[in-house]
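Colleague: sequence? don't have it. structure:
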């Protein structure tokens, strides 16, 4: 029943839908469960690539026999709920956003860490805070942070007088991601031009590479224009918030 423990049938559905490529949020909707419940179930039983319904059911029975009620996972931490926010709406959005990141190809734990950081007002948390909020091991957080750092999607910072590092995201996270994609496109354009020359532009294979050059070049051109427009808009907003302007403004 919705809200109770997962049944064997629930787990068979989860295994089937994972194999079909569905994300945690969609599976949760189909089961009538929070996406976080599905995520914990899959994570503790091998992850999306190794999840098996029968094995998960047996592992749950073993945990129940060993620990009784203590085997049940703690309630998930509610993300930032200040500013008059509805805690349930914030939690549901965070779960939905996490599922979206996972469907885009991001590893599940990486998706959880990034969503947790991105939905905090500060945009920065320590490793201990991430462990507490996500109810995962320090090693899981460490691996996820390393992945995000390698992709240029977060940075490490230490505030004056503090010993602990914080992991931070900012408003340019997606800009850096898009620029990285543009750089990859540049590499593909150069290699596709070379492929067209080697294979011959008049051959079907060569023409295929020529078409790739045209498409990728158009994409990068449009992306460059969009980034420049976005930067102009940000500059305009910053100018509107300048101290001098604020000082001259009326009450």
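Modeller: It's in. Since we're looking at a predicted model, the values are computed, not measured. Numbers count the residues shown, from 1 in each chain.
Colleague: where does the stretch 101-250 of the chain dip in pLDDT?
Modeller: Scanning the stretch 101-250 of the chain for pLDDT under 70 picks out the ranges 241-250.
Colleague: what about the helices in it?
Modeller: 108-118, 127-134, 138-150, 173-199, 204-240, 243-248 (DSSP state H, counting those that start in this stretch).
Colleague: Please identify the deepest-packed of those helices.
Modeller: helix 108-118 (a mean of 23; mean count of other CB atoms under 10 Å). From N, CA and C alone the C-beta is placed, and that goes for glycine too.
Colleague: and that one, what other elements does it pack with?
Modeller: Secondary-structure packing of helix 108-118 (3 or more CB pairs under 8 Å, 6 or more residues apart in numbering; DSSP states H and E): helix 35-43, helix 87-103, strand 124-126, helix 127-134, helix 138-150, strand 166-168.
Colleague: could you redo the last one with a cut-off of 7 Å?
Modeller: With contacts defined as 3 or more CB pairs under 7 Å, 6 or more residues apart in numbering; DSSP states H and E, the packing partners of helix 108-118 are helix 87-103, helix 127-134, helix 138-150.
Colleague: Which segments of this protein make up each domain?
Modeller: 8-71, 87-168, 173-245 (automatic domain parsing).
Colleague: and residue 212, what is it in contact with?
Modeller: By CB atoms under 7 Å, 6 or more residues apart in numbering, residue 212 lies in contact with residue 192.
Colleague: quick one: it and residue 227, what's the gap?
Modeller: Distance, residue 212 to residue 227, using CB to CB, to the nearest Å: 22 Å.
Colleague: Distance to residue 101 for the helices of the stretch 101-250 of the chain - can I get that in TSV?
Modeller: Below are these laid out as TSV (distance: least, CB to CB, whole Å):
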stretch	distance to residue 101
helix 108-118	4
helix 127-134	14
helix 138-150	11
helix 173-199	11
helix 204-240	21
helix 243-248	36
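Colleague: Those helices: which one's closest to residue 62?
Modeller: Among the helices of the stretch 101-250 of the chain, the nearest to residue 62 by CB to CB is helix 138-150 (21.5 Å).
Colleague: for that closest one, packing partners?
Modeller: So helix 138-150, by 3+ CB pairs under 7 Å, 6+ apart, packs with helix 108-118, helix 127-134.
Colleague: and with 10 Å instead?
Modeller: helix 108-118, helix 127-134, strand 155-157, strand 166-168 (3 or more CB pairs under 10 Å, 6 or more residues apart in numbering; DSSP states H and E).
Colleague: For stretch 134-150, what is the distance to the chain centroid?
Modeller: 12 Å (CA atoms, centre = their mean, to the nearest Å).
Colleague: In contact with the residue nearest the centre of the chain, which residues?
Modeller: The centre of the chain sits closest to residue 111, judged by CA atoms, centre = their mean, with a distance of 3.2 Å. By CB atoms under 10 Å, 6 or more residues apart in numbering, residue 111 lies in contact with 23-24, 39, 97-105, 144.
Colleague: residue contacts, the nearest residue to residue 186 once chain neighbours are set aside?
Modeller: Nearest residue to residue 186, sequence neighbours excluded (CB to CB, 6 or more residues apart in numbering): residue 220, at 6.7 Å. By CB under 10 Å, 6+ apart, the contact set of residue 220 is 181-186, 188-189.
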